[in-house]
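Student: Sequence and predicted structure below; questions after.
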Amino acid sequence: MLKKKLKIEEIHDIYAFRLIVENEEDCYKSLKVVHHLWQEVLGKFKDYIIHPKFNGYQSLHTVVESEDMFPLEVQIRIKSMHLQAKYGLAAHWRYKEGGELLNLRNAK
């Protein structure tokens, strides 16, 4: 927050949860359910499944308003995407520690 010089109201991932579903179609079905349950914050949806990040990261990201009007980040992905994000090239800890690369794109 301080590095990026953000105000507290500009941070949308203080509260977050992740859905791991069976297949890509279920990712988009789950997104519809999330947007039906909570109000979507416009401009805060990212489809990293269709447009993966350069490091192979894939997921759907959206921000919705909770019942208490707090922004809530929701990430939706399948198991292989989750494993790639956690252990593969897209893993956050790799940026800091530089670990062994692992290709889990086809993991079940």
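Tutor: Looks like it came in fine.
Student: what about the residue nearest the centre of the chain, which SS state?
Tutor: For the chain, the residue nearest the mean C-alpha position is residue 75 (3.5 Å; C-alpha atoms, centre = their mean). Assigned with DSSP: H, G, I helix; E, B strand; the rest coil, residue 75 falls in the strand class.
Student: for this structure, what spans make up the helices?
Tutor: Using DSSP state H, the helices of the chain run over 24-37, 79-87, 92-97.
Student: just those: most buried one?
Tutor: helix 79-87 (a mean of 20; mean count of other C-beta atoms under 10 Å). In this view, the C-beta of every residue, glycine as well, is placed from N, C-alpha and C.
Student: now the angle from that one to helix 24-37?
Tutor: 80 degrees (axes from the mean of the first three to the mean of the last three C-alpha atoms, to 10 degrees).
Student: how far is helix 79-87 from where the chain is centred?
Tutor: Helix 79-87 sits 11 Å away from the centroid of its parent chain (C-alpha atoms, centre = their mean, to the nearest Å).
Student: Numbering from 50 from now on, please.
Tutor: New numbering, starting at 50: the last item is helix 128-136.
Student: Which other helices and strands does that helix contact?
Tutor: Counting contacts by 3 or more C-beta pairs under 8 Å, 6 or more residues apart in numbering; DSSP states H and E, helix 128-136 packs against strand 64-70.
Student: May I have the strands that pair with the strand it packs on, each with its orientation?
Tutor: If you go by DSSP bridges, strand 64-70 pairs up with strand 120-127 (parallel).
Student: No further queries at this time; thank you.
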